[in-house]
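# Build the 3D model from these lines:
(one chain, ligands or ions: 1)
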Amino acid sequence: MIRKFSYSPMIDTGAVVKKLPVSDTPLPYFTLTDGVFSVRLSDDACVYGLGESIRGINKRGWIYESWCSDDPLHTEEKRSLYGAHNFLIVDGDDRFGVFFDYPARLVFDIGYTDPDVLTVAPEKLALDVYVIDGDTLKDIVRQFRALIGKSYIPPLFAFGYGQSRWGYVNASDIAAVADTHESAGIPLDMIYLDIDYLDNFKDFTVNRDRYPDFEGFVRDMRARGIHLIPIIDAAVKREEGYSVYDEGHKNGYFCKDENGEDFVVGVWPGMSCLPDFLNPEASKWFGDKYKVLTDMGIDGFWNDMNEPALFYSEKALNAAFEKIGSFEGKTLDALSFFAARDVFTRLSNAREDYDSFYHNAPEGRFRHSDVHNLYGYKMTESASNSLKELCPDSPTLLFSRASYIGAHRFGGIWTGDNHSWWGHILQSLQQMPGLNMCGFLYTGSDIGGFNGNCTRDLLIRWLSFAVFTPLMRNHSAIMTRGQEATAFDDTEVFRHIVTLRYRLIPYLYNAFLNAAENNEMYFRPLSFDYESDPAAREIDDQLMVGDRLMIAPVYKQNASGRYVYVPESMNLIRMHDGSITAEPINKGRHYISVPLGDVVFFTKSPLPLAEPAGNTAELDMNHLTYVGEKLLTPNS
Ligand code: GLC
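From the prediction side, this is the model:
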């Protein structure tokens with residue numbers, strides 16, 4: 001049962017597709033005092049949800065802010081990342097789900113200030129709250145997902161392996177990626193084009209010095225089974241004579257400052273303007289621009305910098321230059337030195353800037369910070385609407401960095417600029433179920449880590465986990481150490497792991513389609529499947545994948561195995577040197593040896609496997625073999 005409570009929302013966010021009448025009962029579970037919702041947590045209560053947020057699967061014990069943030073340092077003390085996913089399940093003496101449909105900043109204090117109290121504080125009391133009661137955790141999720149609409153389903157090729165790097169400068173760099181993977185026998189379906197393909201970082205352009213025959217190149221790559229997936233950034237370079245800017249400026253499609261002038265911000269292209277995705281005309285205009293690339297044979301995109309990320313605003317930058325001048329010639333003590341240093345570092349993603357531009361939505365004019373969390377979502381919706389018209393016969397791949405619940409209907413997301421840190425394998429695993437609860441099924445993180453330098457063992461362990469994430473993309477930042485599956489000695493081990501992914505696609509893709517169709521989670525914490533098992537409730541480094549598989553990846557440096565909790569008798573499946581074997585394993589806690597390069601996982605029933613394939617187009621989904629057919633002898 002879902003009950004809706006309404007506190008004069010300013011805008012229909014579009015997150016909810018099933019319109020419900022407002023409940024005439026008092027708000028259950030919570031008290032509402034001075035605009036803050038609060039609920040007591042029983043001693044054993046777990047709190048699940050919050051989508052992409054950092055920290056464990058059980059969110060209790062930290063404070064989180066719902067505020068889409070461009071933050072490349074995903075450390076434990078952070079409160080927000082790129083997504084705003086305001087859905088929680090409280091599982092204690094009371095059990096319920098709750099969604100705060102609110103597009104501005106919202107703070108979830110989940111036992112941070114008072115260990116036994118959860119508070120939810122919107123900046124303004126202007127929101128809808130949906131409270132969901134259900135028989136099981138899965139049932140609560142199912143009801144919530146029916147409320148927010150079906151999840152985006154990508155084309156099959158999006159389940160292949162993708163290689164990406166900021167810094168592949170030109171067509172020959174990209175061709176080299178295809179060549180090296182091919183000669184190492186590592187399957188590959190996608191190569192991503194980061195901002196390097198653009199002419200001066202201008203959206204919907206191609207740098208013709210770097211790609212003299214882009215269309216031909218796209219075609220040649222497709223003939224080799226590879227889809228090129230370009231990036232699209234939110235901001236449009238301010239440059240007279242650049243048609244996208246000229247049109248947007250002339251038609252009033254950019255966000256405005258308080259005087260009605262285009263609000264100007266610095267991002268990759270330098271001074272730029274922000275398309276007003278809340279204005280339906282502007283949204284349609286920007287979405288239709290993807291035609292420039294679909295006409296060249298492109299069938300997949302990643303939308304970026306759409307929190308929106310602001311390195312600085314033109315206004316704040318000018319003020320900063322003035323301010324820094326005031327320090328010149330003075331003797332600086334430590335504090336004034338730090339103040340001088342921070343004049344520029346404080347410019348990025350500043351709240352004052354988000355407060356000082358406006359959207360022109362059908363409901364009226366909105367200050368950006370009152371609708372901040374909708375920006376990336378509306379950019380994805382804009383692209384999705386146009387792509388459906390531009391490519392009516394085949395679905396396109398689309399995912400975004402920033403998001404709000406609702407965006408899950410239009411595309412996937414990736415988890416942004418993580419690091420080549422062991423802890424970020426675990427972080428990624430722990431983000432997955434929260435995202436799935438909120439409808440984001442097509443998701444994954446930058447394999448090997450985006451920032452920092454990756455090592456061979458880190459990449460092997462990361463890939464061994466990412467074999468199971470719908471989005472399986474190796475991506476890294478410019479100036480970091482190369483981390484392609486071909487970058488280290490002995491490519492054999494990488495070939496085996498990526499090949500395993502392809503052999504599992506019939507199971508994984510089917511599990512994904514089932515989850516999308518039936519509003520289920522593809523990744524689940526063990527506690528969702530084994531509700532009455534107290535041991536399962538404690539596990540936050542293993543996941544259920546689809547209806548018959550469990551993963552327990554190794555995520556520690558120099559580990560040669562790990563403890564695994566097996567919640568019922570299963571088969572232990574081991575991929576070693578490309579061959580796949582099964583042996584039964586009993587319920588209980590086991591130390592499992594997992595030498596580097598082996599991939600180990602667990603199944604509840606026979607698992608279909610395809611023959612190895614070089615890409616998804618070559619994958620034969622009709623002739624499958626089964627592993628673990630005759631095993632599973634409980635407690636033998
Ligand atoms: C942002 C993106 C990253 C991309 C970079 C350059 O940091 O998150 O994936 O490589 O911009 O476009």
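# packing partners for the longest helix seen in the chain?
For the chain, the longest helix by residue count, based on DSSP state H, is helix 492-517. Secondary-structure packing of helix 492-517 (3 or more Cβ pairs under 8 Å, 6 or more residues apart in numbering; DSSP states H and E): strand 161-163, helix 456-466, strand 570-576, strand 607-609. For every residue, glycine as well, the C-beta is placed using N, CA and C.
# Count the residues that sit near the residue of the stretch 101-250 of the chain found nearest the ligand.
In the stretch 101-250 of the chain, no residue comes nearer to the ligand than residue 166, which is 3.6 Å away by Cβ to the nearest ligand atom. Other residues lying near residue 166 total 17 when counted by other Cβ atoms under 10 Å.
# List the contacts of the closest residue to it other than its chain neighbours.
Distances taken as Cβ to Cβ, 6 or more residues apart in numbering put residue 194 closest to residue 166, at 4.2 Å, once the chain neighbours are dropped. Residue 194 sits next to 164-168, 231 when contact means Cβ atoms under 8 Å, 6 or more residues apart in numbering.
# picking up where we left off before, surely the residue of the stretch 101-250 of the chain closest to the ligand is in a strand?
No - the assignment for residue 166, made by DSSP: H, G, I helix; E, B strand; the rest coil, is coil rather than a strand.
# Leaving out the residues flanking it, which one is nearest to residue 238?
In this structure, residue 238 finds its nearest non-sequential neighbour in residue 271, 4.7 Å apart by Cβ to Cβ, 6+ apart.
# swap that for residue 547, please
Nearest to residue 547 is residue 511, by Cβ to Cβ, 6+ apart, at 6.9 Å.
# what do you get for residue 576?
Counting by Cβ to Cβ, 6+ apart, the nearest residue to residue 576 once its immediate chain neighbours are dropped is residue 598, at 4.9 Å.
# how many other residues sit next to the one you found?
Neighbour tally, residue 598, other Cβ under 10 Å: 20.
# do residue 4 as well
Residues lying near residue 4 (other Cβ under 10 Å) number 18.
# so it, which of the three states?
strand.
# I figured it hits residue 127, correct?
No - contact criterion Cβ atoms under 8 Å: residue 4 and residue 127 do not qualify, at 11.1 Å.
# The ligand contacts on the chain?
166, 194-195, 231, 304, 401, 416-417, 475 (Cβ under 6 Å from any ligand atom).
# from the residues you listed, which is closest to residue 459?
Checking the residues of the chain next to the ligand against residue 459 with Cβ to Cβ, the nearest one is residue 475 at 12.0 Å.
# surely that closest one meets residue 454?
No - Residue 475 lies out of contact with residue 454 (Cβ under 8 Å); the separation is 10.8 Å.
# what sits in contact with each of the two?
With Cβ under 8 Å, 6+ apart, residue 475 and residue 454 have common neighbours residue 448.
# Of the helices and strands packed on helix 492-517, flag the one that's most buried.
Sort those by mean neighbour count, taking mean count of other Cβ atoms under 10 Å, and strand 161-163 sits at the top with a mean of 25.
# Please name every helix or strand in contact with whichever helix or strand comes after that strand.
Next along the chain after strand 161-163, taking DSSP states H and E as the criterion, comes helix 171-184. Packed against helix 171-184, as judged by 3+ Cβ pairs under 8 Å, 6+ apart, are the following elements: strand 190-193, helix 214-223.
# mind checking how far the closest residue to residue 129 other than its chain neighbours is from residue 85?
Among residues not flanking residue 129 along the chain, residue 5 sits closest, at 4.5 Å (Cβ to Cβ, 6+ apart). Distance from residue 5 to residue 85, counting by Cβ to Cβ, to the nearest Å: 19 Å.
# do the same with residue 516
Counting by Cβ to Cβ, the gap from residue 516 to residue 85 is 17 Å.
# Neighbour count: those two, which is higher?
residue 85 (27 against 20).
# Just send the helices and strands packed on helix 492-517 back as TSV, with mean pLDDT too.
As requested, these are exported to TSV (pLDDT from 0 to 100):
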stretch	mean pLDDT
strand 161-163	98
helix 456-466	98
strand 570-576	97
strand 607-609	96
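# could you list every residue that touches residue 401?
Neighbour list for residue 401: 70, 82, 302-307, 376, 413-414, 416 [criterion: Cβ under 8 Å, 6+ apart].
# Please repeat the previous calculation with a cut-off of 10 Å.
68, 70, 81-83, 231, 233-234, 302-307, 309, 376, 379-380, 413-417 (Cβ atoms under 10 Å, 6 or more residues apart in numbering).
# Same question for residue 153.
If you count contacts by Cβ under 10 Å, 6+ apart, residue 153 has them with 395, 412, 441-442, 509, 512-513, 515-517.
# Pick out the most distant pair among the residues of the chain next to the ligand.
Spatial extent of the residues of the chain next to the ligand (Cβ to Cβ) is set by the pair 195 and 416 at 15.3 Å.
# Would you mind writing the CA trace of stretch 599-619 as CSV?
Presented in CSV, the C-alpha positions along stretch 599-619 are these (Å, rounded to 0.1, in the frame of the first residue of the first chain):
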residue,chain,number,x,y,z
VAL,A,599,36.6,-15.7,-10.8
VAL,A,600,34.4,-17.4,-8.2
PHE,A,601,30.7,-17.1,-7.7
PHE,A,602,27.8,-19.1,-6.4
THR,A,603,24.6,-20.4,-8.0
LYS,A,604,21.4,-21.8,-6.6
SER,A,605,20.5,-23.7,-9.8
PRO,A,606,22.1,-24.7,-13.1
LEU,A,607,23.6,-21.7,-14.9
PRO,A,608,23.4,-21.2,-18.7
LEU,A,609,26.6,-20.4,-20.5
ALA,A,610,27.1,-19.2,-24.0
GLU,A,611,30.1,-20.2,-26.1
PRO,A,612,32.9,-17.6,-26.0
ALA,A,613,32.4,-14.7,-28.4
GLY,A,614,34.4,-11.7,-29.6
ASN,A,615,31.5,-9.3,-29.2
THR,A,616,27.8,-9.4,-28.6
ALA,A,617,26.9,-9.6,-32.3
GLU,A,618,28.8,-12.9,-32.4
LEU,A,619,27.1,-14.2,-29.3
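# Could you tell me which ranges of this structure sit under the pLDDT cut-off?
For the chain, the stretches flagged by pLDDT under 70 are 630-636.
# For the helix or strand hosting residue 147, C-alpha coordinates in PDB please.
When elements are assigned from DSSP H and E, residue 147 belongs to helix 137-148. In PDB, the C-alpha atoms belonging to helix 137-148 read as follows (Å, rounded to 0.1, in the frame of the first residue of the first chain):
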ATOM      1  CA  LEU A 137      11.600  -5.700   1.500                       C
ATOM      2  CA  LYS A 138      11.300  -6.900  -2.200                       C
ATOM      3  CA  ASP A 139       7.600  -6.100  -2.100                       C
ATOM      4  CA  ILE A 140       8.200  -2.500  -0.900                       C
ATOM      5  CA  VAL A 141      10.700  -2.000  -3.700                       C
ATOM      6  CA  ARG A 142       8.300  -3.500  -6.300                       C
ATOM      7  CA  GLN A 143       5.500  -1.100  -5.200                       C
ATOM      8  CA  PHE A 144       7.900   1.900  -5.300                       C
ATOM      9  CA  ARG A 145       9.200   1.000  -8.700                       C
ATOM     10  CA  ALA A 146       5.600   0.600 -10.100                       C
ATOM     11  CA  LEU A 147       5.000   4.200  -8.800                       C
ATOM     12  CA  ILE A 148       8.000   5.600 -10.600                       C
END
